[in-house]
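*Asks:* Below: sequence and its predicted model.
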Amino acid sequence: MANDRNTCWALAPALAALLSAAPAWAQDADQPARLAEADIVVIGERANLLHIPGSGATIEAEDLERSRVFSVNEALRQTPGVYPRDEEGLGLRPNIGIRGLSPTRSSEVLLLEDGLPLTYGPYGDNATYSHPPLRRFERIEILKGASQVRFGPHTVGGVVNYISPSAPTEFGGSLFVAGGDNGYGEAAASLGGEIADFRLLGHASTTVFDGVRDNHGLEFADYSLRAERTLAPGHELIARIAINRENSQVSYSGLTQAEFDANPYGNPFPNDRFQTQRYTGALTHSWEMSPSLTLRTSAYSLYFNRDWWRQSSNSGQRPSDSGDPACGGMANLNTTCGAEGRLREYHQYGLESRLAWETAFLGAEASIETGARWHTERQSRLQVNADTPNGRTPGVIAENNLRTADALSAFVHADLDFGRFSISPGVRVESIEYERTNRLTNAEASTDLTEVIPGLGATFDLNDDMVIYAGVHRGFSPPRIEDIVTNAGGTVDLDAEESINWELGLRGSPIAGFDIDVGAFVMDFENQIVPASVAGGVGATLTSAGKTRHSGIEADLRYSLRDAGLMQSDDLYFRTALTWVGEAEYVGTRFSSISGFGGVSVSGNRLPYAPEWIASAAVGYARGEWLNLQAEMQYTGEMFTDDLNTVAPIANGQRGLIEDSTILNLAANFTPGGGDTTFFVTVKNVTDELYIVDRARGILPGAPRLWQAGVSLDF
């Protein structure tokens, strides 16, 4: 379904905004020359966390380099409250859960890149089947508190914002080359500088990996270009374009229990293929009208094409005489068995403006931000059934859908500083129109919803270095198009996912070199949306689970002897991120969604895929600027995989307790003479622990012991 000419269409809104904004650039030419930051700020520097009215965290470039993280999942493990679940081994399809929420396809999380939507269907289908490589970004921000109402539509779990590096003013670049076992190879390069008043930064990377299972070869390439220009005093422009391509041999289905026992890293479907093309463009113009007033306007667009050809969608679906008469069973998998093509094409466009100003209000120093956004999505979804394992010509068209979501949103948020005490009220409004057309039957239907999302945060300074923060806000996640509009032309009474989220925490530096952030949280859901069946993963029909409740404590602790003044050039440092989700359960009247158990009450049972304990801890030693050694432990507690809280595994592998796991990672970085070239070596899962990460579509194993070695060079 992909066609390269869609690149032009994906970038068209950004180019149009560039032309339409041109007259404004010529204004205020007599203003003093100032560099107006055009990027949309979610948190900013780590130091900004001290006075944010709610929980948040940043993962800096130094954190990523010390650990030599292999994927975005490994990076996010450094943050409390976040549970990133592995799938294929490279983090190309991250499954991010926050505070006990389902991690499947990161559907409960708002993913952003430089403050703009990263996913291709945040309103109509917030499932992450594609993710840029972590190598493209320099840092990550995670925001979970009441101030996340500045962003939307998803305000239940939190915001993950990936920050790309700014373009340099002087010519320079970097080179990264690495290799390892399981066929791993990666090369990345960036180059930038100032040319004809434009600051440019280009980045390219390519990665190959045999994956963590048999018949799971992965190939991924990413190309991006960032251009910045000071148009006039107070006027800044940033343009970003990116192209991502994946061509992988990867299956959707997990293993049955018998298949897992025979070969835990096996995959019986060598003919499956996963191919994507993704084109993104964004243009942000910042107009600093005065030192206290700034307007940022962004136009963004995305085209995403996904073709997933597979012979099984879950471990309960295996070729058989009844399911595929021409197949005759698994023995004929490579000859007469057919394949299903799940073909998806997404178009997304948006225009957003944010006005920020500093003023005095109600006797306080006030920082106020307000904004509005228009956003539209189009999904073309086709399922075709081919007659042969590698056939790509449809024998039967099983689905042909057009799904659309059009949204208008607006927000206002203020930080009112009264000295030691500050208060931060905010409110967001989301209005969404859904439409679905069945092109096979011409059945169509539409519906809409509007939601008001208020939030209130506060901080109190105990002293210059310690702050108490608290907050409450309404969590909101819109339903998918397919769950609220039926294929037969009807609508479903499926309410939006809503919750009331509370926080209370303590953050700061009680002594030199020691940073602490400890907070308690409660999420009371009026209506949590869960899969109506176990199999099928994110593709399963969703249903209202009614009232649920999450509560717990999370902690982020860091200590450095160098920062404490106890060491000079050397350093011994420690960091840990702890999450305890003591409660994640059905609290309303609720019966099981498992077939055959509809009359069994699950009230009081724990929610699936909500481990009680998650922990990450690292200790490291730095010898000046030339050597850094680090050991890291990642712990995930046991978890149930269905609403019945089944312990014993069933035959198809889709239900049963997932045991806890402890993974040890080692990393060493060597920079001769403290220069610009660093050699590194890592070992992931040093003890080669065998563990399960998922059972939704059958058993998926975690990565075995892997090593990588490489070199990075700045010039």
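*Replies:* Yep, that arrived. Numbers count the residues shown, from 1 in each chain.
*Asks:* need the contact list for Asp272.
*Replies:* For Asp272, the contact set (C-beta atoms under 8 Å, 6 or more residues apart in numbering) comprises 215, 249-252, 308-311, 339. Bear in mind the C-beta positions are built from the backbone N, C-alpha and C, glycine included.
*Asks:* Filter these down to the buried ones and hand me the PyMOL line.
*Replies:* Here is the PyMOL command that picks out the buried ones among those, judged by 16 or more other C-beta atoms under 10 Å:
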select buried, resi 215+249+250+251+252+308+309+310+311+339
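*Asks:* Report the separation between Ala57 and Ala555.
*Replies:* 11 Å (C-beta to C-beta, to the nearest Å).
*Asks:* Those two: who's more crowded?
*Replies:* Taking other C-beta atoms under 10 Å, Ala57 and Ala555 do not tie; Ala57 has more neighbours (23 against 18).
*Asks:* Would you tell me what helix or strand the more buried one is located in?
*Replies:* strand 56-59 (DSSP states H and E).
*Asks:* Surely Arg306 and Ser130 touch.
*Replies:* Yes. When contacts are counted by C-beta atoms under 8 Å, Arg306 is listed as touching Ser130 (7.0 Å).
*Asks:* bridging residues for Leu143?
*Replies:* Gly56, Val159 (DSSP bridges).
*Asks:* Now for it, how many residues are close by?
*Replies:* Neighbours around Leu143, by other C-beta under 10 Å: 24.
*Asks:* ditto for Ala372
*Replies:* 15.
*Asks:* do the same with the one 3 residues further on
*Replies:* For His375, the neighbour count with other C-beta under 10 Å is 22.
*Asks:* on that earlier part again, check which helices and strands the strand holding Ala57 sits against.
*Replies:* strand 139-143 (3 or more C-beta pairs under 8 Å, 6 or more residues apart in numbering; DSSP states H and E).
*Asks:* lowest-pLDDT helix or strand in this structure?
*Replies:* Ranked by mean pLDDT, DSSP states H and E, the weakest helix or strand in the chain is helix 22-25, scoring a mean of 35.
*Asks:* quick revisit: between Ala57 and Ala555, what contacts are shared?
*Replies:* 80, 517, 577.
*Asks:* Tell me the one of those nearest His550?
*Replies:* His550 has its nearest neighbour among the shared contacts of Ala57 and Ala555 in Pro80, at 14.3 Å by C-beta to C-beta.
*Asks:* Can you give me the neighbour number for the closest residue in space to that closest one that isn't next to it in sequence?
*Replies:* Once flanking residues are discounted, Pro80 sits nearest to Glu554: 3.8 Å by C-beta to C-beta, 6 or more residues apart in numbering. The number of residues packed near Glu554 is 26, by other C-beta under 10 Å.
*Asks:* ok, now Glu138?
*Replies:* When counting by other C-beta under 10 Å, one arrives at 14 neighbours for Glu138.
*Asks:* Check whether it really touches Ile163, as I assumed.
*Replies:* Yes. If you go by C-beta under 8 Å, Glu138 and Ile163 touch, sitting 5.9 Å apart.
*Asks:* buried ones in stretch 552-570?
*Replies:* Going by 16+ other C-beta under 10 Å, stretch 552-570 has these buried residues: 552-561, 563.
*Asks:* If the residue nearest the centre of the chain is in a bridge, with which residues?
*Replies:* Nearest to the mean C-alpha position of the chain, by C-alpha atoms, centre = their mean, lies Leu111 at 4.6 Å. Under DSSP bridges, the beta-bridge partners of Leu111 are Val160.
*Asks:* Now do the same contact list for it.
*Replies:* Contacts of Leu111 by C-beta under 8 Å, 6+ apart are 96, 117-119, 128, 160, 162.
*Asks:* So which of those belong to strands?
*Replies:* The members of the contacts of Leu111 that map onto strands under DSSP state E are 96, 117, 160, 162.
*Asks:* out of those, what pair is the most spread apart?
*Replies:* Greatest spatial distance in the ones in strands among the contacts of Leu111: Ile96 and Pro117, 15.3 Å, computed using C-beta to C-beta.
*Asks:* Can you give me the neighbour number for Glu444?
*Replies:* Glu444: 13 neighbours (other C-beta under 10 Å).
*Asks:* before we move on, what about Ser106?
*Replies:* 29.
*Asks:* which residues sit in contact with it?
*Replies:* 94-96, 119, 126-128.
*Asks:* just the residues you listed now: which is nearest Thr671?
*Replies:* Once C-beta to C-beta is applied, the member of these that ends up nearest Thr671 is Pro94, at 29.9 Å.
*Asks:* so that closest one sits right up against Ser130, yeah?
*Replies:* No. Look at Pro94 against Ser130 with C-beta under 8 Å: they stay out of range, at 10.0 Å.
*Asks:* before we move on, what SS does Val518 have?
*Replies:* strand (DSSP: H, G, I helix; E, B strand; the rest coil).
*Asks:* what about the closest residue to it other than its chain neighbours, distance to Gly505?
*Replies:* Closest residue to Val518 in three dimensions, ignoring its sequence neighbours and counting by C-beta to C-beta, 6+ apart: Ala555, at 4.5 Å. Applying C-beta to C-beta, one obtains 9 Å for the distance of Ala555 from Gly505.
*Asks:* Quickly list what's touching both of the two.
*Replies:* Joint contacts of Ala555 and Gly505 (C-beta under 8 Å, 6+ apart) are 517-519.
*Asks:* Could you rank those residues by neighbour count and give me the top one?
*Replies:* Gly519 (24 neighbours).
*Asks:* any idea which helix or strand carries the closest residue to that residue other than its chain neighbours?
*Replies:* Closest residue to Gly519 apart from its sequence neighbours, by C-beta to C-beta, 6+ apart: Gly505 at 2.8 Å. Here Gly505, judged by DSSP H and E, is contained in strand 497-511.
*Asks:* Among the contacts of Asp272, pick out the one closest to His375, please.
*Replies:* Trp308 (25.5 Å).
*Asks:* Extract the residue ranges of the stretch 1-150 of the chain that are flagged as low pLDDT.
*Replies:* Flagging of the stretch 1-150 of the chain using pLDDT under 70 yields the residue ranges 1-37.
*Asks:* run the last query once more with 90
*Replies:* By pLDDT under 90, the weakly predicted segments of the stretch 1-150 of the chain are 1-41, 44-45, 47, 88-91, 145, 147.
*Asks:* Equivalent analysis for the stretch 301-450 of the chain, please.
*Replies:* Judged by pLDDT under 90, the stretches of the stretch 301-450 of the chain that qualify are 317-331, 361-363, 387, 391-396.
*Asks:* ranges for the strands of it?
*Replies:* Assigned by DSSP state E, counting those that start in this stretch, the stretch 301-450 of the chain shows strands spanning 339-361, 364-386, 396-417, 421-438, 443-461.
*Asks:* Out of these, flag the one nearest Leu237.
*Replies:* Nearest of those (C-beta to C-beta): strand 339-361, 14.7 Å.
*Asks:* and the closest one, which strands flank it?
*Replies:* Strand 339-361 has these partner strands in its sheet, going by DSSP bridges: strand 293-310 (antiparallel), strand 364-386 (antiparallel).
*Asks:* what's the pLDDT at Ile243?
*Replies:* If you check Ile243, the pLDDT there is 98.
*Asks:* That one is in what secondary structure piece?
*Replies:* Here Ile243 is assigned to strand 235-248, by DSSP H and E.
*Asks:* so how far is the next helix or strand after that strand off the chain centroid?
*Replies:* Sequence order places helix 257-262 as the next helix or strand after strand 235-248, per DSSP H and E. Relative to the chain's own centre, helix 257-262 is displaced by 31 Å; criterion: C-alpha atoms, centre = their mean, to the nearest Å.
*Asks:* Check which element follows helix 257-262 along the chain.
*Replies:* Following helix 257-262 toward the C-terminus (DSSP H and E): strand 273-290.
*Asks:* Nice, that's everything, thank you.
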